[in-house]
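> here's a sequence, model it:
(one chain, ligands or ions: 1)
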Amino acid sequence: MKFSARDIALAGMFAALAAIVAVLGRFGITAIVPFSLQPLVVLLAGGLLGARLGAMSISVYVLMGLIGLPVFEKPPFGGPAYILQPTFGFLIAFIAAAYVIGKLLEGKKSGFGCYFMAMLAGLFIIYAIGLPYFYLIFNFYIGKAMPVMSVIKIAFLPFVGFDLLKAIMSASLAMAVSRRIG
Ligand SMILES: O=C(O)CCCC[C@@H]1SC[C@@H]2NC(=O)N[C@@H]21
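Just a heads-up that it's a prediction; the model follows:
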């Protein structure tokens, strides 16, 4: 697997962007699951960089956090123990989402609908991995009973509307940029 200097610069830029929006998110309302602009960055990474590079950029971001850089949105902000945070599943899901979006858009970047469907698939993956992880950490690691309905109320319902807006924004932006440079 070979990456050019341009690839590495782009991946680094998106990794940095993910860290910046996470740090900015700390100034918002404190909640078990924070509102975050990271899904926007992740959807854009997949849509603009493609599967391989998009997933690499988000992996670099997650690895930076796991080695101890304070780039995550919630306390303790970084370190290997963050794996045991209920929201860590979303971070794993971001990597998969960027990859799948890139794959879905490979070779057929036509209209807005195409981009939007790819972004929706990315959002689906974010929640399909993030929500069960949240449930498992709460119920089996933290040891607090968290019924499925509570997981949905805490980690899905408050965000899904905003995340759909992020999907619209990222689809429009990725389409516009690809048309200009593609
Ligand atoms: O840094 C973390 O610990 C991960 C935060 C995950 C936040 C999730 S992503 C999907 C949903 N949309 C949001 O705006 N927030 C949550």
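> which stretches of this protein form helices?
5-25, 38-44, 51-66, 88-105, 112-136, 148-155, 157-181 (DSSP state H).
> so for residue 78, which of the ones you listed sits nearest?
Among these, the nearest to residue 78 by C-beta to C-beta is helix 51-66 (4.6 Å). Where C-beta positions appear, they are placed from N, C-alpha and C, glycine not excepted.
> that closest one near the ligand at all?
No: residues of helix 51-66 are not located near the ligand by C-beta under 6 Å from any ligand atom, the shortest gap being 8.1 Å.
> quick check: angle from that helix to helix 88-105?
170 degrees (axes from the mean of the first three to the mean of the last three C-alpha atoms, to 10 degrees).
> still on that earlier bit, most packed of the helices of the chain?
Of all those, helix 38-44 has the most neighbours on average by mean count of other C-beta atoms under 10 Å, namely a mean of 27.
> what does it rub up against?
Applying C-beta atoms under 8 Å, 6 or more residues apart in numbering, the contact partners of helix 38-44 are 14, 17-18, 21-22, 25, 58, 73, 90, 94, 97-98, 101, 119, 122-123, 126, 163, 166-167, 169-171, 173-174.
> flag the shaky bits of this structure, pLDDT-wise.
The chain contains residues with pLDDT under 70 at 1, 109, 182.
> interface residues of it facing the ligand?
22, 33-36, 39, 72-74, 85, 87, 90-91, 126, 159, 162-163.
> let's see it at 8 Å
Taking C-beta under 8 Å from any ligand atom as the measure of proximity, the chain contacts the ligand at 22, 25, 33-39, 72-74, 82, 85, 87-88, 90-91, 93-94, 123, 126-127, 130, 155-156, 159-160, 162-163, 166.
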